[in-house]
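S.K.: Quick one, structure for this:
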Amino acid sequence: MADKEFNLNDIVQMKKPHPCGENRWKIIRMGMDIRIKCEGCNHSVMIPRKEFTKKMKKVVDRAET
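M.R.: Coordinates of the predicted model:
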């Protein structure tokens, strides 16, 4: 899927919002696992890449390369 392309420092929207109410996450680490940080409360979560691609809805804001 072309819309599932993402890079480091992109802001993404997940299918379900974080308990703090925010739905925007920043990708801060990429590899086999992806670490994302909530834009609302700065909580970070590391999840496997396969699970991340399932739960990601879209890229909201692309990082400058």
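S.K.: which non-adjacent residue is nearest I11?
M.R.: D61 (4.0 Å; CB to CB, 6 or more residues apart in numbering). All C-beta atoms are positioned from the backbone trio N, CA, C, and that covers glycine.
S.K.: Check that neighbour and give its pLDDT.
M.R.: We note a pLDDT of 89 for D61 in this prediction.
S.K.: any low-confidence regions in this protein?
M.R.: For the chain, the stretches with pLDDT under 70 are 1-3, 65.
S.K.: Do a quick rundown of the strands in it.
M.R.: 11-14, 24-29, 33-38, 44-48, 56-61 (DSSP state E).
S.K.: show me the residues around I28 that make contact.
M.R.: The contact partners of I28, by CB atoms under 8 Å, 6 or more residues apart in numbering, come to L8, N9, R35, I36, K37, S44.
S.K.: try 10 Å this time
M.R.: By CB atoms under 10 Å, 6 or more residues apart in numbering, the contact list for I28 reads L8, N9, I34, R35, I36, K37, S44, M46.
S.K.: K16 too?
M.R.: Contact partners of K16, counting by CB under 10 Å, 6+ apart, are N23, K55, K57.
S.K.: give me that answer again for 8 Å
M.R.: Neighbouring residues of K16 by CB under 8 Å, 6+ apart: K55.
S.K.: pretty sure the residue nearest to I11 is in contact with Q13, am I right?
M.R.: No: D61 is not in contact with Q13 according to CB atoms under 8 Å; the separation is 9.7 Å.
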